[in-house]
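1. Generate a structure from the sequence data that follows.
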Amino acid sequence: MTIAERFGATPINFDTTNAIQVIKDATDGRGADAVMEVVGSPQASSLAFDLVRPGGIISIAGVHNEPHFTISPTQAYDKNLTIVSGRCPARAYMETLQDVAKSGRYDLSAIISHRISLQEGCEGYDMFANRRDNCTKVVLSIKRSFTAGSATPKTLKHKMMPHKKPPKFGGFNIYL
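-> Got it, this is the predicted structure:
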């Protein structure tokens with residue numbers, strides 16, 4: 001939560017605070033106009049439903065693995081909600097995000113918990129997926145010299161558009 005606060009978010013600790021009441025107080029009892037559910041848990045979906053105002057929007061980008069969703073169509077209808085779901089089109093935002101990262105406006109090192117070599121990538125993915133060692137974000141470092149006749153950064157540059165697939169190297173998607 002400290003990291004989120006550094007980036008301008010107002011953290012709410014659900015273990016010590018009634019999040020629903022905090023949002024109701026902040027919106028004069030109305031509820032949030034829009035809620036993004038990015039965790040992918042049934043509890044997060046239920047909370048999103050409780051936080052959003054009647055006629056509001058819930059955007060679901062979290063990966064859900066349960067066979068049933070916690071918000072029923074009847075509940076959404078009765079509250080007149082718009083619910084949108086889908087994968088985040090990260091590639092569509094890649095160039096803009098690279099510019100933001102390069103600008104230095106935000107200290108992005110605050111969200112990186114691990115830096116590992118490309119060769120350790122499988123272990124890093126496992127660490128992230130299983131939330132081991134307080135893993136939040138992993139950066140894979142590629143230390144390779146480009147020689148004549150081999151791929152160069154220019155030839156490897158790939159326009160990140162939602163309808164195109166990024167190049168694959170050894171089972172990893174590499175974004176340059």
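
2. Spatially, what comes nearest to Ser141 if we skip its sequence neighbours?
-> Residue nearest to Ser141 in three dimensions, not counting chain neighbours: Ser117, with 5.7 Å by C-beta to C-beta, 6 or more residues apart in numbering. Where C-beta positions appear, they are placed from N, C-alpha and C, glycine not excepted.

3. so where do the helices sit in the protein?
-> With DSSP state H as the criterion, the chain has helices at 2-6, 19-26, 42-51, 73-78, 90-103, 121-129, 153-156.

4. any idea which of the ones you listed is most buried?
-> Of those, the one with the most neighbours on average (mean count of other C-beta atoms under 10 Å) is helix 42-51, at a mean of 18.

5. From the contact count, pick out the helices and strands touching that one.
-> Helix 42-51 is packed against helix 19-26, strand 32-37, strand 52-60, with contacts defined by 3 or more C-beta pairs under 8 Å, 6 or more residues apart in numbering; DSSP states H and E.

6. let's see 10 Å
-> Judged by 3 or more C-beta pairs under 10 Å, 6 or more residues apart in numbering; DSSP states H and E, helix 42-51 is in contact with helix 19-26, strand 32-37, strand 52-60, helix 73-78, strand 82-85.

7. OK, contacts around Asn80?
-> Contacts for Asn80 (C-beta atoms under 10 Å, 6 or more residues apart in numbering) come out as Arg53, Pro54, Gly55, Gly56.

8. ok, now Cys135?
-> Ser113, His114, Gly124, Tyr125, Asp126, Met127, Phe128, Ala129.

9. What of Ser59?
-> With contact taken as C-beta under 10 Å, 6+ apart, Ser59 is in contact with Ala34, Val35, Met36, Glu37, Val38, Ala48, Thr82, Ile83, Val84, Ser85, Gly86, Cys88.
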